[in-house]
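Colleague: Build the 3D model from these lines:
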Amino acid sequence: MVKAVDTVAVVSSSVIIRAGLSRTLSTVPDLDVSQEAPDLASLDPSRPPTVLVLDLDDRERGRIAEGFWSRLPPLASTVVLCPPNNPVNLPAALRYGVRALLTRESATTELLIAVEAARHGGVHISTSLLTDVFPESRVTPHLATREVEALRWLVQGLTHGQIGRRMGLSEATVNTYVKRIRAKLGVGNKADLTRRAIELGYIPPHPRQ
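Modeller: Numbering: from 1, shown residues only. Next up, the predicted model:
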């Protein structure tokens, strides 16, 4: 049985950002990057995408007017890269097909998780945007017990193979744990991972070496 392939359009005013997003998304086997464009008006309406990845990082501060969302390709599940501390109006965006909110600082693994959620009808909001989207909330990302254990070993400098041996897991399972941890905490590199883990109380300020 042949697996269905979804098409994705990448929209960003930055050539570099478009290229980076397209390169990352092209690694997904059943996803075809069919269009790249500097803005929504430049998309080919005869080839509507299944998924739209829309970079709004360079937009001026202030909420985007609801009418903007009506310009999104019909039926496309949209992943939006928001300006930090300036997210979109979520209820308005959801009505027009937005299914995920990230920033340019989000990890590659989180982008792929968000795209998968959007493709399957889910909703994903980066932890770095949660308190801006929902000002009344102060949501702490929840890590499972084994994820916390893996996080602590990772911060201490162990490789995925070493962590697997200590936890009695395969290296592939540890890789999955680490991807989930980075996505939940909304970080990419080890320095940001350590800082975020300390902020959330998952590790002490001076982890033991």
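
Colleague: tell me which residues in stretch 155-164 are buried?
Modeller: Neighbour-count burial for stretch 155-164, counted by 16 or more other Cβ atoms under 10 Å, picks out Val155, Leu158, His160, Ile163, Gly164. C-beta coordinates here come from the backbone N, C-alpha and C atoms, glycine included.

Colleague: Tell me the spacing between the last one and Trp153.
Modeller: Distance, Gly164 to Trp153, using Cβ to Cβ, to the nearest Å: 10 Å.

Colleague: List the contacts of the helix ranked longest in the chain.
Modeller: Assignment by DSSP state H gives helix 171-185 as the longest helix of the chain. For helix 171-185, the external contacting residues (Cβ atoms under 8 Å, 6 or more residues apart in numbering) are 107, 109-110, 113, 127, 141-143, 146-147, 150-151, 154, 160-161, 163-164, 167, 169, 188, 193, 196-197, 200.

Colleague: Kindly report the same for stretch 17-30.
Modeller: Under Cβ under 8 Å, 6+ apart, the answer for stretch 17-30 is 3-6, 8, 10-12, 31, 33, 36-38, 53, 55, 57, 104, 108, 111-112, 115.

Colleague: The same query, at a cut-off of 6 Å, please.
Modeller: With Cβ atoms under 6 Å, 6 or more residues apart in numbering as the test, stretch 17-30 has contacts from Lys3, Val5, Val8, Val10, Ser12, Leu31, Val33, Glu36, Val53, Asp55, Thr108.

Colleague: before we move on, back to that, show me which of the contacts of helix 171-185 are buried.
Modeller: Using 16+ other Cβ under 10 Å, the buried ones in those are 107, 109-110, 113, 127, 143, 147, 150-151, 154, 160, 163-164, 169, 193, 196-197, 200.

Colleague: Which positions within stretch 109-129 qualify as buried?
Modeller: Buried residues in stretch 109-129 (16+ other Cβ under 10 Å): 109-115, 117-119, 124-129.
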